[in-house]
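Asker: Requesting a structural model of the entry that follows:
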Amino acid sequence: MSDPVVTLTHDPDERPDVAPGTTDLGRPTGWQHSRGLIFGEMLVFALLSLTAALVLSIEAITLAADPSAQLMCDVNAVLSCGTVGAAWQSALLGFPNSFLGLIAEPVVITIAVAALGGVRFPRWFLFSAQVVYFLGVVLAYWLFYQSMFVIGALCPWCLLITVATTLVFASLLHWNVLEDNLYLPARAQARMLAFVRSGSYTYLTATWLVLLAIAIVAKYGAQLVA
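Answerer: This is a model prediction of the structure:
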């Protein structure tokens, strides 16, 4: 006579290692971690970045035709798209950097729209997207540094791209941590998940953007409105 088969089930609420409001795998639940909010944020910020890239591309063509042209965002000596656009840093690959935005942001928009429609992308795909977009963030902040400390002028549309790129990256990272798409060791994944669950991730992102604003004001001060 064979032994009876016993099936064990686990209730997340009965497990001491699972925090309230999470699934059995420890994934946080709630609207702030929902597919709709995260990919909705990605869509909005990618659209803003695409808009800025389009405007900068048009202005780059204008400057190519007439280097002395006055651009809409030439507000003063500090806030000047023309000054930034004339610098070599604005065309690293031999064409305006904004053209890269025209290529990259539609891809992000497509991913966001598809995800909002219920498409579930493979783990490797979203990991690759995170890596590629990280390179975009590095480029955005390198250009921000060059504008701040080398060129000595700021482009309002470029600043919008920097902020929007940061928020798209943060939203994508949020989702990839929730879904364990980053191929992290188990202990590192658990810590990242706990960090996101605590709400500290959102506060960190907001603090970072506030620090960027403080850095700009600290360097240029009254010159921003002179």
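Asker: got a list of what L139 touches?
Answerer: Contacts here follow CB atoms under 8 Å, 6 or more residues apart in numbering; on that basis L139 touches N97, L100. Glycine gets a C-beta too; all of them are placed from N, C-alpha and C.
Asker: distance of it from W124?
Answerer: Separation of L139 from W124 (CB to CB, to the nearest Å) stands at 23 Å.
Asker: Quick one: list the elements packing against the lengthiest helix in the chain.
Answerer: Taking DSSP state H as the criterion, the chain has its longest helix at helix 35-65. On a contact count with 3 or more CB pairs under 8 Å, 6 or more residues apart in numbering; DSSP states H and E, helix 35-65 meets helix 81-86, helix 98-116, helix 156-178.
Asker: Report how many residues lie close to N97.
Answerer: Neighbour count for N97, taken as other CB atoms under 10 Å: 21.
Asker: Hmm, it is touching W88, no?
Answerer: No: using CB atoms under 8 Å, N97 makes no contact with W88, being 10.9 Å away.
Asker: So which residues make contact with stretch 26-46?
Answerer: The contact list for stretch 26-46 (CB under 8 Å, 6+ apart) reads 17-19, 21-23, 105, 108-109, 111-113, 115-116, 164-165, 167-168, 171-172, 174-175, 178-179, 190, 193, 196-197, 199, 202.
Asker: at 6 Å what do you get?
Answerer: By CB atoms under 6 Å, 6 or more residues apart in numbering, the surrounding residues in contact with stretch 26-46 are 18, 21-22, 105, 108-109, 112, 115-116, 164, 167-168, 171, 174-175, 178, 193, 197.
Asker: Just the mean pLDDT for the longest helix of the chain, thanks.
Answerer: Helix 35-65 shows a mean pLDDT of 95.
Asker: same question, stretch 163-170
Answerer: Averaged across stretch 163-170, pLDDT comes to 96.
Asker: CA atoms only for it, dumped as PDB, please.
Answerer: The C-alpha trace of stretch 163-170 is given here as PDB (Å, rounded to 0.1, in the frame of the first residue of the first chain):
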ATOM      1  CA  VAL A 163      15.100  64.700 -17.000                       C
ATOM      2  CA  ALA A 164      12.800  62.600 -19.300                       C
ATOM      3  CA  THR A 165      15.600  60.100 -20.000                       C
ATOM      4  CA  THR A 166      16.300  59.800 -16.300                       C
ATOM      5  CA  LEU A 167      12.600  59.100 -15.600                       C
ATOM      6  CA  VAL A 168      12.200  56.600 -18.400                       C
ATOM      7  CA  PHE A 169      15.300  54.700 -17.200                       C
ATOM      8  CA  ALA A 170      13.900  54.800 -13.600                       C
END
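Asker: What distance do you get for S98 to L54?
Answerer: Remark: distance between S98 and L54 (CB to CB) = 8 Å.
Asker: who's more crowded, these two?
Answerer: A count of neighbours by other CB under 10 Å puts S98 above the other of S98 and L54, at 23 against 15.
Asker: For the more buried one, give me its contacts.
Answerer: By CB under 6 Å, 6+ apart, the residues touching S98 are A53, L56, S57.
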